[in-house]
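> next comes the sequence, and after it the predicted model I'd like to discuss.
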Amino acid sequence: MFRIPLAMLAAIAMFVADLAPRDGGFSPVSTAWADDDDDDDAQPRRRRPAPAARPRAAPPPPPFAPDEVIARGMSENDLQALREAGFREIRRRTLADGQTFLRLRKPARLTLPQARDMVRARASVQVADLNHYFRPEQAPACAGTDCPLRHMIDWPGDTSGCGTPPRIGMVDTGLNDQHPVLSSAQLRLHRLETGQGQKASDRFHGTSVAALLVGEPGSRTPGLVPQANLIAVDAFHKAGTDERADAYALIEALDYLAAEGVQVINLSLAGPFNFAVAGQVLELDRRGIVLVAAAGNGGPSAKPAYPAAHKPVIAVTAVDRRGQVYRRAGRGAHIDLAAPGVEVWTAASIRGAKTQTGTSYAAPFVTAAVALMLQKEPGLTPAQVRARLQASTRDLGPAGHDEVFGHGLILPVNPCE
């Protein structure tokens, strides 16, 4: 058997001892077998504390459901053919236009793109896509005091006696309709069914957005249009700490609001492009419903967020009281308008209020401005509303439309004038 000479072992031991830290600790390469601590010393040497492990960055949330395809307009014959191919129906809804809207689970043997393409290939299918996720567009809560953002945009006072306000819809998380600032509001909450194993959404984001729209007049968080009737749909669920609404739920919520006769819908949420959502947006625009959406908080270099980037939708960015754009707001040619969205004072989920920042909180200012416009001229089409809003702004940044502020800061009409 091959043996290492004693002289070589001694040389190796001396080499390792030279590499070992002089305080008796260990080098990055473990040398425990060559420990040179002197346990007989009267004063034991102090060891360096082990370096704290760096926290691992949380993985990004998933962009879509891992095994689902959604489809609109599918016939029973085509659905049966897909069942025979291994697809399973998760949920079905008949939309307001009479078309069947399906949420399907793909067979394990197919990739998601393969499953989507197989569904799209059925002759009766109007549109099919992955079941993308959309998320509330709120930024981390910021510290600060109440700031008079309404004065910044010349928001009118009490307009309750000047025409009939339109019915407003919003798709968001759950909300606390018993919050003191909402308890007397003309507010109705509709919760979509959550899937098996899904947790209900929180009430924080939805409460803040609803209070901005219809909060109690005279309270610490008065609504922009407290005289309006608001129908809120909770389309969200939680997966761990991730709060999201899938594309199927978003379309179901939009269809529900259309059937309830709303004239403007606030969408303080954002996600990727989805063909089925795009089709629903066009359908609502054809039906005369104005859609307002947050531009997203992904930052200046982020891809356009949807549904804000759909052409019929009014995309809203956020600015502070000085008219400076929120640093994390999305940008692009699709941005239509700017509105206050930095340190906005609004209701917290249980009681009281706090300042919030993000494009989520800018969108309700534009939604409320649309409501005032329709209160004054109820017959306006979505295209006319968009054109009038864009023409009545305070220009920010470069002259004319730009990718940061859009057409400029929203300036609402007063229906009493």
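Noted; the coordinates are in hand.

> Gly174 and Val342: what is the separation?
25 Å (Cβ to Cβ, to the nearest Å). C-beta: built from backbone N, CA, C; applies to glycine.

> compare these two and say which is more crowded by neighbours.
Val342 (26 against 22; other Cβ atoms under 10 Å).

> show me the contacts for that one.
Neighbour list for Val342: Cys142, Ala318, Val319, Asp320, Arg321, Tyr326, Thr357 [criterion: Cβ atoms under 8 Å, 6 or more residues apart in numbering].

> highest neighbour count among the residues you listed?
Ala318 (29 neighbours).

> got the contacts of Val342 as TSV, with secondary structure columns?
TSV is the format used below for the contacts of Val342 (DSSP: H, G, I helix; E, B strand; the rest coil):
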residue	secondary structure
Cys142	coil
Ala318	strand
Val319	strand
Asp320	coil
Arg321	coil
Tyr326	coil
Thr357	coil
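
> may I ask which two of those residues are separated the most?
Cys142 and Val319 (14.2 Å; Cβ to Cβ).

> which of the helices and strands in this structure ranks last by mean pLDDT?
helix 6-19 (a mean of 39; mean pLDDT, DSSP states H and E).

> where does Asp117 sit: helix, strand or coil?
Of the three states, Asp117 takes helix under three-state DSSP.

> any idea how far Gln384 is from it?
In terms of Cβ to Cβ, Asp117 sits 39 Å off from Gln384.

> picking that back up, now, which of the contacts of Val342 sits nearest Gly408?
Nearest to Gly408 among the contacts of Val342: Val319, at 9.8 Å, using Cβ to Cβ.

> how about the contacts made by that closest one?
Shown in contact with Val319 (Cβ under 8 Å, 6+ apart): Val325, Tyr326, Ala338, Ala339, Pro340, Gly341, Val342, Ala362, Leu396, Phe405, Leu409.

> quick one: residues contacting Asp395.
Going by Cβ under 8 Å, 6+ apart, Asp395 touches Phe405, His407, Gly408, Leu409.

> ignore the last one, Pro156
With contact set as Cβ under 8 Å, 6+ apart, Pro156 has these partners: Leu372, Pro412, Asn414, Pro415, Cys416.

> wait, the first one touches Cys416, no?
To tie it back to what came earlier, the one meant is Leu372. No: if you go by Cβ atoms under 8 Å, Leu372 and Cys416 don't touch, sitting 9.6 Å apart.

> what residues are shared contacts of the two?
The contact sets of Leu372 and Cys416 overlap at Pro156, Thr159 (Cβ under 8 Å, 6+ apart).

> more crowded one of these two?
The residue with more neighbours, out of Leu372 and Cys416, is Leu372; 23 against 15, by other Cβ under 10 Å.

> pull the contacting residues for that one.
By Cβ under 8 Å, 6+ apart, Leu372 lies in contact with Pro156, Thr159, Pro165, Val225, Pro412, Val413, Asn414, Pro415.

> helix/strand/coil for it?
Secondary structure, three-state DSSP: Leu372 is helix.

> and the gap between it and Pro382?
Taking Cβ to Cβ, one finds Leu372 at 16 Å from Pro382.

> re the thing from before, so of the contacts of Val319, which ones are in helices?
Of the contacts of Val319, the ones assigned to helices by DSSP state H are Ala362.

> tabulate the contacts of Val319 (CSV), appending distance to Asn131 and pLDDT.
Below are these laid out as CSV (distance: Cβ to Cβ, whole Å; pLDDT from 0 to 100):
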residue, distance to Asn131, pLDDT
Val325, 32, 96
Tyr326, 30, 95
Ala338, 32, 97
Ala339, 31, 96
Pro340, 34, 95
Gly341, 29, 94
Val342, 33, 93
Ala362, 28, 97
Leu396, 37, 93
Phe405, 34, 97
Leu409, 36, 97
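
> what subset of the contacts of Val319 is buried?
Buried by 16 or more other Cβ atoms under 10 Å: Val325, Tyr326, Ala338, Ala339, Pro340, Gly341, Val342, Ala362, Leu396, Phe405, Leu409, out of the contacts of Val319.

> could you export those to a markdown table, including columns for distance to Leu192?
Converted to a markdown table, these look like this (distance: Cβ to Cβ, whole Å):
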| residue | distance to Leu192 |
| --- | --- |
| Val325 | 34 |
| Tyr326 | 30 |
| Ala338 | 31 |
| Ala339 | 28 |
| Pro340 | 30 |
| Gly341 | 27 |
| Val342 | 31 |
| Ala362 | 25 |
| Leu396 | 37 |
| Phe405 | 35 |
| Leu409 | 35 |
